[in-house]
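A.B. asks: give me the fold of what follows.
(chains A and B)
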Amino acid sequence: NAGVTQTPKFQVLKTGQSMTLQCAQDMNHEYMSWYRQDPGMGLRLIHYSVGAGITDQGEVPNGYNVSRSTTEDFPLRLLSAAPSQTSVYFCASSYRDPNVVDSPLHFGNGTRLTVT
Amino acid sequence: AQSVTQLGSHVSVSEGALVLLRCNYSSSVPPYLFWYVQYPNQGLQLLLKYTTGATLVKGINGFEAEFKKSEASFHLTKPSAHMSDAAEYFCAVRILTTDSWGKLQFGAGTQVVVTP
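C.D. replies: Below you'll find the model as predicted:
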C-alpha cells in the first residue's frame, strides 16, 4: 500500500518557469488537497478537491492551478514560478464519507521547491 | 473565524521528562481537533484526534491530549520524552462546512528537541 506519492522530491526552478507537481493516492480517497509549508506559518491550504471533476480554492491559491480528472491523481501546476513560491509542498488525501468526517488526512512526503 | 495558536515555536526537553505542547483554538462551533507529527524530511502523521465523547484522548507513541472547552485548549502531553520524539508537532482544527466538508487549519508548529 503506497499511500500518497509525490514527485519529484526536489526541484529548482528559475523565475518564470512552469512545472507540475504530481500527487497520486491508492486509497480510493475522494478528498485530495495541496498545502504549502513555510517556517513559522504552519501549513496553508492551496487547493482542494472533493472528487473527480471538482476543485476549489483554499487559503493561498494565487499562482497555482489544479485539476482532478481521476480519483487517484491531483497535480498542482505552477504556471510562472516566483521566488515567493519557494516552499515545501504537501499533498494530502482522506475519505469523503460524511459519516467519517473526522477521517484524518494522509500526507505524502513532500516536494521541496526552490525558485531562483 | 477559526484559528489555531500553538504556544512556543521551539521546546527543549530532557530525555525522560514531561513533554507539554500547548494548543488553543478559537471556534464558534464545536471543533474537531487533531495533533499531527512531522519527522525530518517526511509528511505529517496523525498522532491523535478529538471529535466527540471522551475529552481525554490517547494517541500513538504514548501521547495524549485533553480537550477543555472552557479553556478552548487541546494540549498535547507525554509523561516521559524519548529521543525518537524529536520532531515538529502541529495542532489542527477541522471546521465543518455546510456541505459536510471541513477545512483543516493548522497551527504554526512546535519543534521539539530532546536532549540526553
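A.B. asks: with adjacent residues omitted, what lies nearest to the residue of chain A found nearest chain B?
C.D. replies: In chain A, the residue that lies nearest chain B is A:Phe107 (3.2 Å; CB to the nearest CB). All C-beta atoms are positioned from the backbone trio N, CA, C, and that covers glycine. Once flanking residues are discounted, A:Phe107 sits nearest to B:Gly43: 3.2 Å by CB to CB, 6 or more residues apart in numbering or on different chains.
A.B. asks: check the spacing between the one you found and B:Glu64 real quick.
C.D. replies: In this view, B:Gly43 and B:Glu64 are 23 Å apart by CB to CB, to the nearest Å.
A.B. asks: give me the residue from chain B nearest chain A.
C.D. replies: The nearest approach of chain B to chain A comes at B:Gly43, 3.2 Å away (CB to the nearest CB).
A.B. asks: mind listing what the spatially most central residue of chain A touches?
C.D. replies: Compute the mean C-alpha point of chain A, and by CA atoms, centre = their mean the closest residue is A:Trp34, 2.5 Å away. Applying CB atoms under 8 Å, 6 or more residues apart in numbering or on different chains, we find A:Trp34 in contact with A:21, A:23, A:45-48, A:58, A:64, A:66, A:74, A:76, A:89-92.
A.B. asks: among those residues, name the ones in strands.
C.D. replies: A:21, A:23, A:45-48, A:64, A:66, A:76, A:89-92 (DSSP state E).
A.B. asks: Throw the residues you listed into CSV and include distance to chain B, pLDDT and neighbour count, thanks.
C.D. replies: Formatted as CSV, these follow (distance: CB to the nearest CB, whole Å; pLDDT from 0 to 100; neighbours: other CB atoms under 10 Å in any protein chain shown):
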residue, distance to chain B, pLDDT, neighbour count
A:Leu21, 14, 98, 23
A:Cys23, 11, 98, 25
A:Leu45, 6, 91, 20
A:Ile46, 12, 94, 23
A:His47, 12, 94, 23
A:Tyr48, 8, 91, 24
A:Tyr64, 16, 97, 19
A:Val66, 15, 98, 23
A:Leu76, 15, 98, 22
A:Tyr89, 11, 97, 23
A:Phe90, 6, 95, 25
A:Cys91, 8, 96, 29
A:Ala92, 8, 93, 26
